[in-house]
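A.B. asks: heads up, no residue letters with this:
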């Protein structure tokens, strides 16, 4: 059974759109006619990326931004309330107001009704459900703990979205402030300052040093401003292109980890992602080796990712998790110590989740401190630029007044 998107006309000639499930397009049209609808367009909602076998098809659709945590939370609530998974999916599809979301949920429902597992259906949409979600759901289905897995995934995805928003909001205001100030000052230097300076130069007086510096900067920006802008754009494009090269990305990420404030923040946040994912997977009864391999995939920093991969290899060879993390040399000592405690007490999954919570709180506190420091520094930077321009333009006026007196 597949999902089909249709456009039809009712008995009064009004257009009606929606999604129905059928074996093929012909059956879909028959279902519409039985509902007294005249089919105008019936199309399968999926797009395939290639491959001749059904199991190899992967659909390109995805949810709208930040919708996945809500979908998982709603699924957890419906399943916890006692609804079968197919009815829960159908309920979410019916209330969805986003086109792609309805398509995805309809296809999931159709595959589940065919007898496929929910994890199998999710893996058909790799852009909508990452491997962490699919693997956790698969383990939950096999262990009969799907509700618990949904709740854990919802908590994790929501905390990840929240942390991402806080990280972005911590930088948006200072960046906007500095960029706007630079743009305004550049405009003053190129268009306004030269006209005002002409008045001073015509007075045939020796201008103050600050004013001469301002004149030099204004002339330089007037001649080479566009060239500087082009160089900045090209350098930015070249930098992001170079980040695609593994060697450069590794060197850059290693340098980032050595920075005074950003380095510890990055290390703790990446460690939190790793331990949170590992905790969810181990609680979902995923084997530790598979869980470690999958957990390393959610780490973005290349140096930390290599450390996670070394941990997975060491555990595969018989090492304990705490010893492997300690040998990797990239994890915070607190995380290593708590993992060791969890292994000794037999409560590793619970301890991993607790570690992630502690580290995420630490990241949140560091972001707050960083924001509180950046904002006044940005305001001070803007104020100093404005003060320099004002003094450079006022000093000649004071000098001319002194000579006239």
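C.D. replies: That came through, no problem. The shown structure was predicted, so the numbers you read here are calculated from the model rather than taken from an experiment. Numbers count the residues shown, from 1 in each chain.
A.B. asks: which elements pack onto the helix ranked longest in the chain?
C.D. replies: Taking DSSP state H as the criterion, the chain has its longest helix at helix 348-404. Using 3 or more CB pairs under 8 Å, 6 or more residues apart in numbering; DSSP states H and E, the elements in contact with helix 348-404 are helix 146-187, helix 193-201, helix 209-242, helix 262-283, helix 333-345. Bear in mind the C-beta positions are built from the backbone N, C-alpha and C, glycine included.
A.B. asks: between helix 333-345 and that helix, find me the angle.
C.D. replies: Angle, helix 348-404 to helix 333-345, by axes from the mean of the first three to the mean of the last three CA atoms, to 10 degrees: 170 degrees.
A.B. asks: make sure residue 60 is indeed in a helix.
C.D. replies: No - read with DSSP: H, G, I helix; E, B strand; the rest coil, residue 60 is coil and lies in no helix.
A.B. asks: circling back: so the longest helix of the chain versus helix 209-242, what angle?
C.D. replies: 150 degrees.
A.B. asks: check the offset of helix 348-404 from the chain's centre.
C.D. replies: 25 Å (CA atoms, centre = their mean, to the nearest Å).
A.B. asks: pLDDT on that helix, on average?
C.D. replies: For helix 348-404, the mean pLDDT works out to 81.
A.B. asks: tell me the pLDDT at residue 248?
C.D. replies: As predicted, residue 248 sits at a pLDDT of 93.
A.B. asks: helix, strand or coil for it?
C.D. replies: Taking three-state DSSP as the rule, one finds residue 248 in the helix state.
A.B. asks: same check on residue 318?
C.D. replies: Classification of residue 318 by three-state DSSP places it in coil.
A.B. asks: likewise for residue 8?
C.D. replies: strand.
A.B. asks: the nearest residue to it once chain neighbours are set aside: neighbour count?
C.D. replies: Leaving aside its sequence neighbours, residue 8 sits nearest to residue 37 (CB to CB, 6 or more residues apart in numbering; 4.0 Å). Residue 37 has 19 neighbours, counted by other CB atoms under 10 Å.
A.B. asks: need the contact list for residue 37.
C.D. replies: 8, 9, 10, 16 (CB atoms under 8 Å, 6 or more residues apart in numbering).
A.B. asks: any idea how far the third one lies from residue 4?
C.D. replies: So the one you mean is residue 10. Using CB to CB, to the nearest Å, residue 10 is found at 18 Å from residue 4.
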